[in-house]
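In: Build me a model from this:
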Amino acid sequence: MKHNFNSEEWFKAWDPEALYGELLKGVDQCSEESPIKGNPNGIVCGPILRLIHVDYIKNIYAGSILIVTKNISELDNPPVVDYVTGPLQRIEMQNVEVPLNLQIGTFTPKLFHQDKLGEDTFQFYRYHIELPLVSHDQMIRYSVDDKWKLNYRFYIPSQTTNFNVIAYSCNGFSLAVDTTTFKGSMWFDILQKHSKIHYNVMLGGGDQIYSDSIKLYSPDVAHWIQTKNQVTKYTMNVDQPFRQDMENFYLKEYIEWYGFGHWHGSTEKSQTTQRILPIALATIPSINIWDDHDIIDGFGSYHDSFMQTAVFSNIGQAAYKYYMLFQHHVSIEEKDAYLNTKNWILGAHPGAYIGEKSHSVWTKLGPNMAMLGLDCRTERKLKQIVSWDTYKLVFKRVKEEIELNENKPGQKIDHILLMLGVPIAYPRLVWLEWLFSSRLLAPIKYLSKKGIVARGLLNEFNGDVELLDDLNDHWCARYHKAERNFLIAKLQDLSAQYGIRVTILSGDVHLASLGRFRSKLHLSHPIPTQRTHEENINVLENPEHDSRLMFNVISSAVINTPPPDGMARLLQDRNKLHHFDNETDEDNIAFFKVDTDGKHKRNYNAFLNKRNWSDILPVANVLNNPYLKDMLELNLNDKIIPGIIPKQCNKELREEIEKQEREENKKENQSYPVTDKGVISSIHVETDAKNADSKTTWYYFPIPDLQTKGEKLSHSGMKHSII
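Out: Predicted coordinates for the structure are as follows:
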């Protein structure tokens, strides 16, 4: 180890704009040549940080670093990763600064997988991170072969501090998107915020990579896609060269995307170089679940006869192998790391098409916060998202974890962040499902197949309407309603029993929204009674006591293009108040009353179709961070109506909206308190896609902790019930 940090160097702030501003040039283009081929032997991907689990009984933080090298022989040494740990901020005792006490060490590598692509051999090295939690927040600086880059750092909270969390999804473009319309990068905005806020983990909610181009750039898959004879298509065999062709695609795709931020779609205008992405992956540890584009568009939501074809199921198996390698740093051949790590909640049975068990993820994110990433893709079928046996295992494990911490001083879980790839509180589009699967479309489908009208109406896989698989993916789809309601009821029961606030994080739909479940307001009675009036007041004035209150933060896409204004308008029109059961209402709230320019009101205020990402910050962390306290302008016990943009909103417009909200019915503009055990959730929305400065507009709201427990809820009146 060659670097000895002095106090000035250690605490010096790093400026992403000065360091990486130049990398924003050319985000709308990329080389025709693979960056792997042009890169000399050595490191081609990484370092990539991953958070595995945090143990507050033993006070241990566990993670890993992935580095992929090219053509390193067995006689060569793997890259050396040294590290230095020290306090994040200066420590004072009795107004005297404590001398800087840095600890040094080396992360141990393990060669856990090797792969070939043409004449090149790739080595996968995993570096195990195991560091003690201490009484103060820590910064860990690390080097790779004595290179101490400024982004080679990450942050570990103290034993008593909960994590600052990022949530994102849809980290790539669809095949035909014209990427030249996007001049900036949301990842640059993330780095800018990270340098001031110090995020501890980022939760990838699915579609961390867009692999739909396998149908273009895997020669054997492309040939299969173009096969017109359906009997031949459904019965085509996958031999070893065919399987190798698939695996070559995913290996190359991941190295180019995670290693170089390089991706290209179907046209000259659908290509991008997101060079900020690998920088972010090296400085914020990840926890990921996956979704269909990590495999191929719609995987799992087609009819069983098509999903079981040898080609399509092998696509799923190949994608799974590389998803585990790059996003979880394990090989499916390693039984210990693959099956026995503390963070896994394994599915009950192998998925029908992939043939592997689902890997849901659990860990604490602080003494009082935890996260559950539910694997909703490995077991997915047209009529199933997660099997009932797997749900039993998931909730058994979650309850065990809750009860394990229940009576330990300072370690009761107050918040669970639940990652679901697809939103669960979202407008119903059942009429579109009916239309797209109706026989009435048969003549148009026939003409489209012949290329006479409506080119692109049908997908290349099984001839269904292109958008049908997206609709079948939704929790509110006809096939999934009963499963959806079962899951929501189980989450509400969990909250009520243990006094835990559950917040759901979702992406997939390429726009921002905020779904909500809360106790029903009894306003429909012809003559409201004193009791119903008091119940309504309690729901509106004391949300911290509402066991049914649960938000679904919908944040996507961090890279992909948003849908047109017509989709936001359609969703707004379909945004009706639904009665989940006799005691629970659900809706999507008016979160985006002001446009990102801060000057104009929005008519479609529950849905904002611009690129975005989100974060979840403990209230205590916000109040202790001067940058956040100044930006968000909040104090403990403030009551805040979601969606007011701090600082970035025109003052006159903000005052006008606040006055209007005070005068309108509180059921539409309910405020939420800033509680000491609560969190602040924000959605950062791209201000102007054509501006390379990559700035975002900040929409936020408080989520209060749940201050009651031991309640038993009724779900009578729930439709499509299986409870």
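In: Doesn't residue 493 belong to a strand?
Out: No - the assignment for residue 493 is helix, going by DSSP: H, G, I helix; E, B strand; the rest coil, so no strand is present there.
In: Could you tell me how many residues sit around the nearest residue to it once chain neighbours are set aside?
Out: Excluding the flanking residues, the one nearest residue 493 by Cβ to Cβ, 6 or more residues apart in numbering is residue 713, at 5.8 Å. The C-beta positions use only the backbone N, C-alpha and C, and glycine is treated the same way. If you count neighbours by other Cβ atoms under 10 Å, residue 713 ends up with 17.
In: Then residue 231?
Out: The tally of other residues near residue 231 (other Cβ under 10 Å) stands at 8.
In: Could I have the CA atoms of the host helix or strand of it written out in PDB?
Out: With secondary structure defined by DSSP states H and E, residue 231 is part of helix 230-235. Coordinates of the C-alpha atoms in helix 230-235 are reproduced here as PDB (Å, rounded to 0.1, in the frame of the first residue of the first chain):
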ATOM      1  CA  GLN A 230     -44.600 -22.000 -36.200                       C
ATOM      2  CA  VAL A 231     -44.100 -25.800 -35.900                       C
ATOM      3  CA  THR A 232     -40.400 -25.400 -36.600                       C
ATOM      4  CA  LYS A 233     -40.200 -22.400 -34.200                       C
ATOM      5  CA  TYR A 234     -41.900 -24.200 -31.300                       C
ATOM      6  CA  THR A 235     -39.900 -27.500 -31.800                       C
END
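In: Please state the offset of it from the chain centre?
Out: Centroid separation for helix 230-235 versus its chain: 36 Å, with Cα atoms, centre = their mean, to the nearest Å.
In: who are the neighbours in contact with residue 299?
Out: Contact analysis of residue 299 by Cβ atoms under 8 Å, 6 or more residues apart in numbering lists 292, 307, 312, 315, 316, 319, 353, 377, 380.
In: how about the residues you listed in JSON lines, adding distance to residue 299 and pLDDT?
Out: Converted to JSON lines, the contacts of residue 299 look like this (distance: Cβ to Cβ, whole Å; pLDDT from 0 to 100):
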{"residue": "292", "distance to residue 299": "5", "pLDDT": "94"}
{"residue": "307", "distance to residue 299": "8", "pLDDT": "94"}
{"residue": "312", "distance to residue 299": "8", "pLDDT": "95"}
{"residue": "315", "distance to residue 299": "7", "pLDDT": "97"}
{"residue": "316", "distance to residue 299": "6", "pLDDT": "97"}
{"residue": "319", "distance to residue 299": "8", "pLDDT": "98"}
{"residue": "353", "distance to residue 299": "8", "pLDDT": "97"}
{"residue": "377", "distance to residue 299": "7", "pLDDT": "97"}
{"residue": "380", "distance to residue 299": "8", "pLDDT": "95"}
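In: which of the residues you listed lies closest to residue 228?
Out: Distance ranking of those against residue 228, using Cβ to Cβ, places residue 312 first at 16.9 Å.
In: And stretch 668-676, what's buried?
Out: Of the residues in stretch 668-676, 669, 670, 671, 672, 673, 674, 675 count as buried by neighbour count, 16 or more other Cβ atoms under 10 Å.
In: Could I get the average pLDDT for it?
Out: With pLDDT averaged residue by residue, stretch 668-676 scores 89.
In: thought residue 321 was touching residue 248?
Out: No - between residue 321 and residue 248 there is no contact, the gap being 11.9 Å when judged by Cβ atoms under 8 Å.
In: can you pull out the strands in the stretch 451-600 of the chain?
Out: Counting by DSSP state E, counting those that start in this stretch, residue ranges of the strands within the stretch 451-600 of the chain are 501-506, 512-519, 550-554, 578-581, 584-588.
In: Looking at these, spot the one closest to residue 160.
Out: Comparing the strands of the stretch 451-600 of the chain by their distance to residue 160 (Cβ to Cβ), the top pick is strand 501-506, with 19.2 Å.
In: what secondary structure does residue 89 sit in?
Out: Under the three-state scheme (three-state DSSP), residue 89 adopts coil.
In: so what's it up against?
Out: If you count contacts by Cβ under 8 Å, 6+ apart, residue 89 has them with 11, 136, 137.
In: same check, this time on residue 507
Out: 167-170, 205-207, 291, 421-423, 554-557.
In: Relative to residue 427, how far out is the closest residue to residue 578 other than its chain neighbours?
Out: Ranked by Cβ to Cβ, 6+ apart and with sequence neighbours excluded, the top spatial neighbour of residue 578 is residue 586, at 4.8 Å. Counting by Cβ to Cβ, to the nearest Å, the gap from residue 586 to residue 427 is 10 Å.
In: Turn the strands of the stretch 451-600 of the chain into TSV, including distance to residue 58 and mean neighbour count.
Out: Written out in TSV, the entries for the strands of the stretch 451-600 of the chain read as follows (distance: least, Cβ to Cβ, whole Å; neighbours: other Cβ atoms under 10 Å):
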stretch	distance to residue 58	mean neighbour count
strand 501-506	26	24
strand 512-519	36	24
strand 550-554	31	26
strand 578-581	40	18
strand 584-588	39	21
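In: Switch the ones you listed over to JSON lines; also include distance to residue 301 and mean pLDDT.
Out: Rendered in JSON lines, the data for the strands of the stretch 451-600 of the chain read as follows (distance: least, Cβ to Cβ, whole Å; pLDDT from 0 to 100):
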{"stretch": "strand 501-506", "distance to residue 301": "16", "mean pLDDT": "98"}
{"stretch": "strand 512-519", "distance to residue 301": "21", "mean pLDDT": "95"}
{"stretch": "strand 550-554", "distance to residue 301": "19", "mean pLDDT": "97"}
{"stretch": "strand 578-581", "distance to residue 301": "23", "mean pLDDT": "90"}
{"stretch": "strand 584-588", "distance to residue 301": "23", "mean pLDDT": "94"}
